[in-house]
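In: Have a look; sequence and predicted model below, questions after that.
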Amino acid sequence: MIKDLVKNNKEYVINLRREFHCNPEVSFEEYETSKRVKEELDKIGIEYVSAGGTGVVATIKGNKPGKTIALRADMDALTVKELNDIDFKSNNEGIMHACGHDGHTAMLLGAAKVLNELKDEINGTVKLFFQPAEEIAEGAHAMIKDGAMENVDSIFGIHLWSDIETGKVSVEEGQRMAAADWFKINVKGKGGHGSAPQQCVDAVVVSSAIIMNLQTIVSREIHPNESLVLSVGLLNAGSRFNVIAENGYMEGTARSFNPQLRKNLPNMMERIIKSTAEAYRAEASLEFKFVTAPVINDPKCSKIAEKSVEKVLGKDGVTKFEKITGGEDMSHFMELAPGVLAFVGCRNEKKGACHPHHNGYFDIDEDALEIGTNLYVQYAIDFLNI
């Protein structure tokens with residue numbers, strides 16, 4: 001029955017996805033997207049409230065008492081120039097849905113239609129989270145602050161994933177996506193003439209040494225079975241070719257899965273940063289910001305989700321997919337209630353849906369939309385029936 005209802009709304013979901021793709025909006029500026037979501041919810045007859053600025057929380061109350069499940073989709077786009085030559089190409093120059101959030105929003109609206117038709121059979125309550133600002137890792141916090149997670153017993157989200165073939169879904173338990181944190185380092189040396197380095201403390205040399213020495217945390221301080229990435233993506237130092245730099249400035253990202261390692265990492269980095277600077281007669285400071293926690297799928301919820309995938313696609317639809325060092329602020333919801341982030345495959349090389357996320361040629365196999373819509377509905381029903 002669920003499959004039939006989803007199939008009846010297949011074109012509805014595809015058309016919405018294309019509409020959202022044409023009109024991408026960046027984080028916390030999803031005004032038209034939010035408006036369209038509310039318009040569709042009004043047509044369906046589902047109550048909703050605003051949350052987290054441009055976010056929306058809709059509620060479907062079943063006719064039978066029970067638990068509360070939240071289904072989440074993110075809505076924001078990226079500052080990426082679209083390179084695809086398609087009928088529904090982005091109308092907003094330099095902004096593109098290059099990560100599949102247009103599909104997520106469309107699938108959740110499709111699921112809303114189906115769940116609303118099934119509400120007489122629902123044991124409990126389904127909340128629908130249309131979340132802003134995932135790409136800057138602030139939207140989930142904003143929605144939580146506005147009460148979105150009150151009384152929620154479990155949270156389920158989907159990410160369309162271009163490294164997985166259409167027709168396959170990964171929902172395994174444990175670590176799935178990394179904590180994605182941010183740091184900056186300031187170096188204070190002593191500037192001077194490029195011909196007289198003995199009179200100076202070269203911030204370029206100090207900054208370079210710090211970057212290299214930080215990698216010894218990965219290679220020599222943590223267990224080889226642990227995963228950690230420390231990447232400095234920005235380095236500024238110096239003003240011209242014959243002036244020794246007085247100051248250096250760096251920004252970077254830290255990616256980890258182990259919560260305890262994540263907690264300890266700033267102290268480990270600060271020790272190396274300050275001692276390296278001191279060895280070169282310089283000073284240095286670290287600012288570390290915890291941004292998103294790791295996404296860790298709950299074992300019980302993952303087992304429910306696996307059964308849901310089997311109902312949608314059969315046993316062959318369940319696949320294993322290695323954890324990734326990308327970040328997702330879905331993790332903040334999952335810190336407050338057990339849940340699952342499902343990777344729904346959308347790769348199809350014959351259709352040109354084979355480019356990486358955040359790439360100007362990114363696209364999805366739209367057959368994945370029916371699968372994702374079905375999975376949203378099936379997991380909600382399965383969780384509430386336990």
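Out: Thanks, I have it.

In: Point out where the stretch 201-350 of the chain drops to low pLDDT.
Out: Along the stretch 201-350 of the chain, the model assigns pLDDT under 70 to no residue.

In: how close does the residue sitting nearest the centre point of the chain sit to residue 365?
Out: For the chain, residue 328 is the residue whose C-alpha lies nearest the centre (Cα atoms, centre = their mean; 2.7 Å). Distance, residue 328 to residue 365, using Cβ to Cβ, to the nearest Å: 21 Å. To be clear about C-beta, it is placed using only N, CA and C from the backbone, and glycine gets the same treatment.

In: Equivalent analysis for residue 199, please.
Out: Counting by Cβ to Cβ, the separation of residue 199 from residue 365 is 63 Å.

In: what does residue 26 give?
Out: Taking Cβ to Cβ as the measure, residue 26 falls 25 Å from residue 365.

In: Which one of these two is surrounded by more residues?
Out: Between residue 26 and residue 365, counted using other Cβ atoms under 10 Å, residue 365 has the larger neighbour count: 22 against 17.

In: does the more buried one count as helix, strand or coil?
Out: The local conformation at residue 365, judged by DSSP: H, G, I helix; E, B strand; the rest coil, is coil.

In: so what's it closest to, chain neighbours aside?
Out: residue 348 (3.7 Å; Cβ to Cβ, 6 or more residues apart in numbering).

In: likewise residue 296?
Out: Using Cβ to Cβ, 6+ apart, the closest residue to residue 296 is residue 175 (5.6 Å).

In: What's the first helix or strand after the helix or strand hosting that neighbour?
Out: Using DSSP states H and E, residue 175 maps to strand 174-177. From strand 174-177 onward toward the C-terminus, using DSSP H and E, the following helix or strand is strand 179-188.

In: Which secondary structure elements does that following strand sit against?
Out: Contact partners of strand 179-188 among helices and strands, from 3 or more Cβ pairs under 8 Å, 6 or more residues apart in numbering; DSSP states H and E: helix 203-216, strand 247-256, helix 259-279, strand 283-292.

In: Could you check the angle that strand makes with strand 283-292?
Out: Orientation of strand 179-188 against strand 283-292 (axes from the mean of the first three to the mean of the last three Cα atoms, to 10 degrees) gives an angle of 160 degrees.

In: beta partners for the closest residue to the residue nearest to the centre of the chain other than its chain neighbours?
Out: Distance criterion Cβ to Cβ, 6+ apart; nearest residue to residue 328, sequence neighbours excluded, is residue 177 at 4.8 Å. Counting by DSSP bridges, residue 177 forms beta bridges with residue 295, residue 324.

In: tell me the contacts of residue 177?
Out: Contact analysis of residue 177 by Cβ atoms under 8 Å, 6 or more residues apart in numbering lists 294-295, 323-328, 331, 341.

In: Would you check which pair of these lies furthest apart?
Out: Pairwise distances across those (Cβ to Cβ) peak at 14.5 Å, for the pair 325 and 341.

In: between the two, who's got more neighbours?
Out: Ranked by neighbour count (other Cβ under 10 Å), residue 325 and residue 341 place residue 341 first, with 24 against 17.

In: For the more buried one, what is the enclosing helix or strand?
Out: Assigned by DSSP H and E, residue 341 belongs to strand 339-347.

In: gap between that strand and the chain center?
Out: Mean-position distance between strand 339-347 and its chain equals 12 Å (Cα atoms, centre = their mean, to the nearest Å).
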